[in-house]
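Q: A structural model of the following input is requested.
(2 chains)
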Amino acid sequence: ETGVTQTPRHLVMGMTNKKSLKCEQHLGHNAMYWYKQSAKKPLELMFVYNFKEQTENNSVPSRFSPECPNSSHLFLHLHTLQPEDSALYLCASSSLGGGDDNEQFFGPGTRLTVL
Amino acid sequence: SQQGEEDPQALSIQEGENATMNCSYKTSINNLQWYRQNSGRGLVHLILIRSNEREKHSGRLRVTLDTSKKSSSLLITASRAADTASYFCATGGIQGAQKLVFGQGTRLTINP
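A: Modelled structure (predicted):
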């Protein structure tokens, strides 16, 4: 148990549905991340939030909409997704300190299937 | 791109043997990290080595870093069945330490 939880663990949705993924960290961190992990591809960074402010959007399509209401919670709102968006979506958090080390703590992921 | 590339892509050994995985990257880094992922689960941080370090140990793990060759290796000694997982290297760049760039991973199988 890493202190980062994600819900739901599995999600099946149609291309016209709207759903949200939730992430919560209990580690007192101030940075949170969304990653996408597809089969046979490296882990892809999607978004970075520092102190609730988005600092990185890695050219992610607008059908993915992140929300960070506070340093402990992160959401990923999904709408009109495509089958190629099916993947494992991982949330992570880290502490922004004075150094450059950036050990990240990952949640268990949400396995998303788009039909 | 400073993407890390792991080698081999898959490794299968007998329990008790040592497992060595390699990672190469392309640009200057601030640190290099190794993570483990059990099937369909999140990643677990194993060890971090800074660019000014050459070797680091943690329990049965030994990591080396050669910045001149832009490469790192992860050695797991006395492997156990529970070590079966995918192992990823991730590089933290000097431009932005938060932007970890992950390799495609090595799938390690420990046979009992």
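
Q: what helix or strand is residue 69 on?
A: Reading this off chain A. strand A:64-70 (DSSP states H and E).

Q: The intended chain is chain B.
A: Judged by DSSP H and E, B:Lys69 forms part of no helix or strand.

Q: And the residue lying closest to it once chain neighbours are set aside, how far from chain A?
A: Spatial nearest neighbour of B:Lys69, excluding adjacent residues (CB to CB, 6 or more residues apart in numbering or on different chains): B:Ser24 at 7.8 Å. Backbone N, C-alpha and C define where each C-beta goes, glycine included. Distance of B:Ser24 to chain A, given as CB to the nearest CB, to the nearest Å: 13 Å.

Q: got the contact list for the closest residue to B:Pro8 other than its chain neighbours?
A: Distances taken as CB to CB, 6+ apart put B:Thr106 closest to B:Pro8, at 6.1 Å, once the chain neighbours are dropped. By CB atoms under 8 Å, 6 or more residues apart in numbering or on different chains, the residues touching B:Thr106 are B:Glu6, B:Asp7, B:Pro8, B:Gln9, B:Ala10, B:Leu11, B:Met21, B:Ser86, B:Tyr87, B:Phe88.

Q: Can you pull out the low-pLDDT segments for chain A?
A: A:1, A:97-101 (pLDDT under 70).

Q: which bits of it sit near chain B?
A: Residues of chain A that fall close to chain B, judged by CB under 8 Å from any CB of the partner chain: A:2, A:4, A:6, A:31, A:33, A:40-43, A:45, A:48, A:50, A:55-56, A:88, A:90, A:92, A:94, A:96, A:100-109, A:111.

Q: Now, of those residues, which are buried?
A: A:2, A:4, A:6, A:31, A:33, A:42-43, A:45, A:48, A:50, A:56, A:88, A:90, A:92, A:94, A:102-109, A:111 (16 or more other CB atoms under 10 Å in any protein chain shown).

Q: Which ones among those residues map onto strands?
A: Among those, the ones falling in strands (DSSP state E) are A:4, A:6, A:31, A:33, A:45, A:48, A:50, A:56, A:88, A:90, A:92, A:94, A:105-106, A:111.

Q: ok, so of those residues, who is nearest A:Gly14?
A: Compare each of those with A:Gly14 using CB to CB and the shortest gap goes to A:Arg111, at 16.1 Å.

Q: Now do the closest one against A:Thr80, distance only.
A: Counting by CB to CB, to the nearest Å, the separation of A:Arg111 from A:Thr80 is 20 Å.
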